[in-house]
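Student: sequence? don't have it. structure:
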């Protein structure tokens, strides 16, 4: 059985080391992801066999949707809150100096935009008053 990488990269990579098992277990990267995203198995990929993975995913999502609808609402709420806490732990929170800087930048931008739009509004009112008088 030939390695996917040797057909993609000219045949020199997997044939040189002689250990096909290590080369097969490595992830193949973006190229394989693009092939599976295209959804069409009729594309000629040379000697690489394409696998149609659409039907198992449909079955899994259908079963998952049925399971999510049923069940104890309290358990689902607890699971949701645990996932929220886990995601909040991943957040990189700004320190005090960064927070003051970001807040200052936002406030200055808001004041500038309010002044700009107010000035444009006043100019248009004066222009319309002058034009139609």
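Tutor: Noted; the coordinates are in hand. The structure displayed is predicted, hence computed values, not measured ones. Residues are numbered from 1 along each chain as shown.

Student: okay, and the helix or strand of the protein with the least pLDDT?
Tutor: helix 13-17 (a mean of 48; mean pLDDT, DSSP states H and E).

Student: Just give me the longest helix of the protein.
Tutor: Using DSSP state H, we find that the single longest helix of the chain is helix 96-132.

Student: pLDDT of it, averaged?
Tutor: The pLDDT scores in helix 96-132 average 96.

Student: who does it touch, helix- and strand-wise?
Tutor: Applying 3 or more C-beta pairs under 8 Å, 6 or more residues apart in numbering; DSSP states H and E, we find helix 96-132 packed against no helix or strand. For the C-beta atoms, the positions are set from N, CA and C on the backbone; glycine is no exception.

Student: Please identify the buried residues of it?
Tutor: Within helix 96-132, not a single residue qualifies as buried, counting by 16 or more other C-beta atoms under 10 Å.

Student: Now the phi/psi pair for residue 95, please.
Tutor: When read as degrees, to the nearest 10, the backbone of residue 95 gives phi -80, psi -180.

Student: I misspoke; the intended subject was residue 93.
Tutor: phi -80, psi 140.

Student: ok, it to residue 99 distance?
Tutor: 9 Å (C-beta to C-beta, to the nearest Å).

Student: repeat for residue 78
Tutor: From residue 78 to residue 99 the distance is 32 Å (C-beta to C-beta).

Student: Could you do residue 85 as well?
Tutor: Taking C-beta to C-beta, one finds residue 85 at 22 Å from residue 99.

Student: What helix or strand is the nearest residue to residue 102 once chain neighbours are set aside located in?
Tutor: Leaving aside its sequence neighbours, residue 102 sits nearest to residue 94 (C-beta to C-beta, 6 or more residues apart in numbering; 6.7 Å). Using DSSP states H and E, no element contains residue 94; it sits outside every helix and strand.
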